[in-house]
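fold the stuff below for me.
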Amino acid sequence: MATGNTKNHKKKAKLSKLKIAGCVLAGIEFIISVLFIYFAISTKVVPMKYALLAGVVLGIFPILVVLMQMNKKTGVVGIVLAVIISAVVGYGIYLVRHADKALDKVTGKTTEITVMNVYIKKDDPVNSINDALAQNYLFGILREKDRDKADETIKQIESSVSGTVQTKEYETIFDVAKAMNDSEIQGFIASSAFVSALDGSEEYQHFSDGLKIILEKQIETVVEKKAEDNPEKEETPKAAGCFAVYLSGIDTFGSVSTKSRSDVNIIAIVNRNTRQIMLITTPRDFHVPLSISDGHKDKLTHAGIYGIEVSMDTLEMIYDVNLDYYVRLNFSGFINIIDALGGIDVYSQYSFGTPMETDYFTYEKGMNHLYGKAALAFARERHSFGDGDFQRGRNQMEVIKGVINALESSQLLYNFSEVMEELSNTFETNMTKDEVGELVQEMIESDKSWNVLSYEVMGYPDWGVCYTGGGEASVVTPEWRCVDYANELIRRTLDGETMTQDEVKENAPKGNF
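Model (predicted):
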């Protein structure tokens with residue numbers, strides 16, 4: 001009899017331990033679930049009703065696990081369930097935290113980087129700044145443009161090495177390039193953005209191929225739009241729920257924070273009340289005065305060399321709208337984002353093919369479902385079209401439309417962490433995390449799709465003197481009727497008028513441009 005009692009006692013003790021283990025695991029599961037809901041809400045992108053619904057669902061499981069401990073068999077099942085749910089929710093916490101950090105990285109950006117390099121000829125045997133100073137090299141610098149950053153670079157060099165940097169001033173980067181070719185100087189100190197402008201010119205194409213960098217300095221500056229407004233400028237007022245964003249696209253690999261030419265210049269007018277977005281694209285070679293050029297004309301793309309705020313100020317001089325935000329994109333980095341979204345649907349006006357690296361991509365007239373590399377090749381191609389850069393601009397807008405449409409789909413929710421990780425390497429904005437989160441919440445909650453329209457401002461191929469280079473270059477002379485029409489579209493969008501793409505196209509100015 002005593003033996004039987006002992007067995008029963010051990011059995012009850014074992015069952016009691018099982019219950020305790022189940023209850024402890026249920027408690028751990030509850031804590032993990034609470035943390036998951038907290039971190040999900042902290043991302044600012046999860047609508048509260050979804051967070052509460054997830055909280056209710058996850059809150060039921062710990063109670064269920066506790067109730068299952070009343071029976072040995074169900075108790076074991078409950079423990080297994082608690083372990084599985086805790087592991088899944090724990091992994092969810094990792095993904096949410098990972099995405100949240102990526103969101104922190106790309107939002108609220110108020111600085112950009114100027115990369116100042118010391119260049120010498122590629123075949124020069126000198127390989128360090130110390131050797132160059134020891135041989136009394138003479139370095140060219142720009143007299144005014146980015147002079148403060150050149151002076152800071154020189155100061156940093158002289159404070160860290162022995163010797164004095166000997167310099168000679170030049171008016172433009174083209175003058176510096178000529179001096180290098182004529183062996184008037186042995187090297188020069190300039191930002192990488194100015195050298196990229198040389199590479200893009202007719203006279204000095206691929207100039208950087210003959211150079212090597214013996215020193216690099218990264219100088220961080222604050223993005224500050226001009227404080228004063230032009231009293232003569234008539235800006236279209238914006239109602240609540242409306243804002244204007246400058247989309248600046250650079251087609252390079254590397255940090256998206258680095259100052260560089262802006263190959264894509266799009267103004268997005270967003271009306272959250274009508275859920276309509278009007279994309280206005282301006283040709284990269286538009287020949288207009290820059291905000292810092294004292295009335296001298298230059299290619300619009302060169303405005304980015306002086307900072308994104310100069311690009312924004314220059315566009316505000318062209319159009320009747322104040323730009324509230326900027327978004328800087330690296331189109332080359334779009335490959336992984338588009339793949340993470342499961343590809344995008346893009347409309348092509350033509351059937352064509354184009355090579356990119358070792359691949360060759362073909363596109364049919366009409367809708368095409370494209371993955372990363374194919375979408376990038378589509379956005380970069382210009383040689384297949386009679387109007388080259390103009391059609392490339394249209395295609396880039398189609399890619400942006402495709403991305404917006406894909407971001408509205410449920411695919412974003414499934415791959416949110418992966419998409420945010422890729423965005424953090426190719427995208428940055430001065431919008432705050434809360435502002436971006438509010439927009440994402442709208443996309444998730446609303447059952448109404450965005451109506452994305454586009455219009456490309458046109459001009460005439462021409463030749464003109466450019467402020468940055470100082471000499472003549474191929475440019476696009478603006479067709480101001482198109483600018484006026486763009487301003488009309490901006491006003492109508494902000495006024496809450498809904499339009500169709502066919503209507504935008506039908507009413508656009510006509511001409512041989």
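
run through the stretch 101-250 of the chain and note the low-pLDDT ranges.
Within the stretch 101-250 of the chain, the stretches with pLDDT under 70 are 225-234.

which residues in it form helices?
All helices of the stretch 101-250 of the chain, identified by DSSP state H, counting those that start in this stretch, fall at 129-134, 147-160, 173-181, 192-199.

what are the contacting residues of the first one?
Okay, so that is helix 129-134. 118, 120, 126, 157, 161-165, 186-187, 214-215 (Cβ atoms under 8 Å, 6 or more residues apart in numbering). To be clear about C-beta, it is placed using only N, CA and C from the backbone, and glycine gets the same treatment.

could you rerun that using 7 Å?
Outside helix 129-134, the residues that touch it by Cβ atoms under 7 Å, 6 or more residues apart in numbering are 118, 120, 126, 157, 161, 163, 165, 187, 214-215.

what does the third one give?
Under the criterion Cβ under 7 Å, 6+ apart, residues 140, 142, 170, 185, 188, 190, 194, 197-198, 204, 207, 468-471 lie in contact with helix 173-181.

so who does the nearest residue to Gln135 once chain neighbours are set aside touch?
Using Cβ to Cβ, 6 or more residues apart in numbering and skipping residues adjacent in sequence, the residue nearest Gln135 is Val126, 6.8 Å away. Contact analysis of Val126 by Cβ under 7 Å, 6+ apart lists 120, 132, 135, 214.

let's go with 8 Å and repeat that
Neighbours of Val126 in contact, by Cβ under 8 Å, 6+ apart: 120, 132, 135, 137, 214.

sorry, back to before: buried subset of the contacts of helix 173-181 as a ChimeraX selection?
Buried members of the contacts of helix 173-181, defined by 16 or more other Cβ atoms under 10 Å, are picked up in ChimeraX with:
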select :140,142,170,185,188,190,194,197,198,204,207,468,469
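
inside strands: which ones of the contacts of helix 173-181?
Here DSSP state E is the test, and those give 140, 142, 170, 188, 190 as lying in strands.

most widely separated two among those residues?
Across the ones in strands among the contacts of helix 173-181, the longest distance by Cβ to Cβ is 9.7 Å; it joins Tyr170 and Ala190.

Asp298 belongs to a strand, doesn't it?
Yes - under DSSP: H, G, I helix; E, B strand; the rest coil, Asp298 sits within a strand.

with adjacent residues omitted, what lies nearest to it?
Tyr467 (3.8 Å).

got the contact list for stretch 213-223?
Outside stretch 213-223, the residues that touch it by Cβ under 8 Å, 6+ apart are 109-120, 126-129, 132, 149, 152-153, 156-157, 187, 307-309, 326, 430.

how many residues are close by the residue nearest to Met443 when sequence neighbours are not counted?
Once flanking residues are discounted, Met443 sits nearest to Glu408: 5.3 Å by Cβ to Cβ, 6+ apart. Residues lying near Glu408 (other Cβ atoms under 10 Å) number 17.

what ranges does the stretch 351-500 of the chain have for its strands?
352-356, 359-363, 366-370, 427-429, 451-456, 459-465, 472-478 (DSSP state E, counting those that start in this stretch).

note down every partner strand of the shortest one and its orientation.
Right, the one you point to is strand 427-429. strand 325-330 (antiparallel) (DSSP bridges).

beyond the partner strand, next helix or strand please.
Where DSSP states H and E defines the elements, the next helix or strand beyond strand 325-330 is helix 334-340.

hey, which helix or strand in the chain has the poorest pLDDT?
Ranked by mean pLDDT, DSSP states H and E, the weakest helix or strand in the chain is helix 411-414, scoring a mean of 62.

ok so, going back, and the contacts of Val126, which is closest to Ser424?
Ile214 (31.4 Å).

distance check, Ala150 against Thr493.
Distance of Ala150 to Thr493, given as Cβ to Cβ, to the nearest Å: 43 Å.

do Asp175 as well
Using Cβ to Cβ, Asp175 is found at 44 Å from Thr493.

repeat for Thr110
Distance from Thr110 to Thr493, counting by Cβ to Cβ: 27 Å.

okay, how far is it across stretch 220-239, tip to tip?
Distance across stretch 220-239, first residue to last, is 35 Å (Cα to Cα, to the nearest Å).

ok, the residue nearest to the spatial centre of the chain - contacts?
Centroid-nearest residue in the chain, with Cα atoms, centre = their mean: Phe427, separated by 2.3 Å. By Cβ under 8 Å, 6+ apart, the residues touching Phe427 are 106, 256, 327-330, 333.

farthest pair in those?
Of all the pairs that the contacts of Phe427 form, the one spanning the most space (Cβ to Cβ) is Val327 and Gly333, at 13.1 Å.

give me the low-pLDDT residue ranges for the stretch 401-513 of the chain?
In the stretch 401-513 of the chain (pLDDT under 70), the answer is 409-415, 513.

now Leu18, nearest residue through space, not along the chain?
In space, Leu18 is closest to Gly75, 5.2 Å off (Cβ to Cβ, 6+ apart).
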